[in-house]
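Trainee: Sharing a model prediction with you, sequence too.
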Amino acid sequence: MGKIGLSDIVKIQAFLDAGKLFHRATGMALSFKNEADEVVFYPSEERCELCHIIQSTAEGKKRCDHCDKTSAGEALRTGRPLAYTCHAGLTDVVVPVVVAGEKIGCFYSGQSLLSPHTAMGYQEIKSRIADLGIDPDVLWDAYHRVPLVESDRLEIAIGLLGVICNHLVEGEIALRQERAFTREQQKLRRSAEEKAELERDLREMELRLIQAQLNPHFLFNALNLIIGNAMTEDASETSKLVRDLSNLLRNSLASVGGVVTLDDELSGVRAYINIFATRFEKKVELLTELPPELEAFNVPALILQPIVENALRHALPTIDGPLTIRISVRKSGEFVRIAVADNGCGMTENELTATVKSFGREDHKSKLTGLTGLNTRLKYYYPGIGDLALQNTSLGFAVSISIPA
């Protein structure tokens, strides 16, 4: 909530009504200095002509400013309206606006006479400002237009004006606080709704991810492979494939929406690679570097499988020899960094640029699998983390993840 100023108060209809009422009671106009240090009058057409003439001279304006500053300081110090005689001999009023100890500013009201217009009164004012060089005839006419007000009536009017101004400020502050509270409540509600939507999307994403990696076509091919091997060899290789498939199914289906240890995550990756490599009769070497102290570190399930699958599908067909996939884990400051590198041909610059751009799309539903889906899932689990780091290297292609430790 921004700091309230007098410019905010004068826009309130109740203040305009109070200013007009004050003018009818005293014949005096209200004024204040805005943020640009300009004097604003209410009602603007009722400002004192004599003051206007005096302030048209540089010295006269200087003296008026000094009077205003001195009287405002005293009024703000005491917290009460103040009536005083200005340098020209007229009665001026300053009304402080102080709410809860905070000094908002002052309204000024002037100028008036407490005694009837007389030649003697005119001569006194003339003598006070004689050095300003004002035409006596002009001064005489302006003097007779200065409003006359009874001292008792003036005292009551300025007291009432002080109460009204401070009450309006209090009301404006309360209104702003209520608006700020309402905006905060709306912000919290929107945040809760967005979080609920993200949770639904995450569940959908993880289920579709499982379907993508373990779809019926994949399972059908894997089972056919097992049957074929069983017919042509002893049971050792078949047993290994069945065991890998069993581990893959168990780890994947049991961990949807949950977390697993890095050691378990790597076990699932090994099983997936073994089945994929056997199916396509390709040599795939998996090298892992997992420090013992990080084996039990928990991560969202299936964060390595999309990266490894990307290497198997895109790098494996492009190389003549064995595909080497290296997964290394290390702790670096406040993060655990996981790097997955392969010796494939990597991405073209256009492919790399398009993939990185997809990380920043607000429509996270557009891609729920692959590297883009993984990037979205990680940001759900770890709000504020950076995107996946993708890089073509001299040896192939690398993807790295930084997870808060």
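Mentor: Sure thing, it's come through. Bear in mind that the values here come from a model prediction, so they are computed numbers and not experimental data.
Trainee: now the stretch 151-300 of the chain, which segments are flagged as low pLDDT?
Mentor: 157-182, 194, 198, 200-224, 226-257, 280 (pLDDT under 70).
Trainee: Can you classify the residue nearest to residue 330 when sequence neighbours are not counted as helix, strand or coil?
Mentor: Of all residues beyond its chain neighbours, the one nearest residue 330 is residue 337 (5.7 Å), with distances taken as C-beta to C-beta, 6 or more residues apart in numbering. For glycine as for every other residue, the C-beta is placed from the backbone atoms N, C-alpha and C. Following DSSP: H, G, I helix; E, B strand; the rest coil, the label given to residue 337 is strand.
Trainee: likewise residue 386?
Mentor: coil.
Trainee: And the contacts of stretch 313-329?
Mentor: 262, 266, 269, 273, 280, 282-291, 294, 297, 304, 308, 311-312, 336-347, 396-397 (C-beta atoms under 8 Å, 6 or more residues apart in numbering).
Trainee: switch the cut-off to 7 Å
Mentor: Residues outside stretch 313-329 that contact it (C-beta atoms under 7 Å, 6 or more residues apart in numbering): 262, 266, 282-291, 294, 304, 308, 311, 336, 338-345, 396-397.
Trainee: hey, C-alpha coordinates of it in PDB?
Mentor: In PDB, the C-alpha atoms belonging to stretch 313-329 read as follows (Å, rounded to 0.1, in the frame of the first residue of the first chain):
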ATOM      1  CA  ARG A 313      16.400 -43.500 -29.800                       C
ATOM      2  CA  HIS A 314      18.500 -40.700 -31.300                       C
ATOM      3  CA  ALA A 315      22.200 -41.600 -30.700                       C
ATOM      4  CA  LEU A 316      22.100 -45.400 -31.000                       C
ATOM      5  CA  PRO A 317      21.000 -45.500 -34.700                       C
ATOM      6  CA  THR A 318      23.600 -42.900 -35.800                       C
ATOM      7  CA  ILE A 319      26.800 -44.600 -34.600                       C
ATOM      8  CA  ASP A 320      28.600 -47.600 -36.000                       C
ATOM      9  CA  GLY A 321      30.200 -48.900 -32.800                       C
ATOM     10  CA  PRO A 322      28.900 -49.300 -29.200                       C
ATOM     11  CA  LEU A 323      26.900 -46.600 -27.600                       C
ATOM     12  CA  THR A 324      28.300 -45.400 -24.300                       C
ATOM     13  CA  ILE A 325      26.100 -43.700 -21.800                       C
ATOM     14  CA  ARG A 326      27.800 -42.200 -18.700                       C
ATOM     15  CA  ILE A 327      25.700 -41.200 -15.700                       C
ATOM     16  CA  SER A 328      27.600 -39.300 -13.000                       C
ATOM     17  CA  VAL A 329      26.300 -37.900  -9.700                       C
END
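Trainee: pLDDT (mean, whole number) over it?
Mentor: Averaged across stretch 313-329, the pLDDT comes to 87.
Trainee: buried residues in it?
Mentor: For stretch 313-329, burial by neighbour count (16 or more other C-beta atoms under 10 Å) applies to 314-316, 323-327, 329.
Trainee: Out of those, name the ones that lie in helices.
Mentor: If you go by DSSP state H, the buried residues of stretch 313-329 have residue 314 in helices.
Trainee: how about the buried residues of stretch 313-329 in a markdown table, adding distance to residue 153?
Mentor: Output for those, formatted as a markdown table (distance: C-beta to C-beta, whole Å):
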| residue | distance to residue 153 |
| --- | --- |
| 314 | 91 |
| 315 | 94 |
| 316 | 98 |
| 323 | 99 |
| 324 | 98 |
| 325 | 94 |
| 326 | 93 |
| 327 | 90 |
| 329 | 86 |
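Trainee: just the buried residues of stretch 313-329 now: which is nearest residue 148?
Mentor: Closest approach between the buried residues of stretch 313-329 and residue 148, by C-beta to C-beta: residue 329, at 90.7 Å.
Trainee: Count the neighbours of residue 140 for me.
Mentor: 14 (other C-beta atoms under 10 Å).
Trainee: List the buried residues of stretch 114-129.
Mentor: 122, 125-126, 128-129.
Trainee: Kindly report the same for stretch 66-74.
Mentor: Neighbour-count burial for stretch 66-74, counted by 16+ other C-beta under 10 Å, picks out 67-68, 71-72.
Trainee: Many thanks, I have nothing further to ask.
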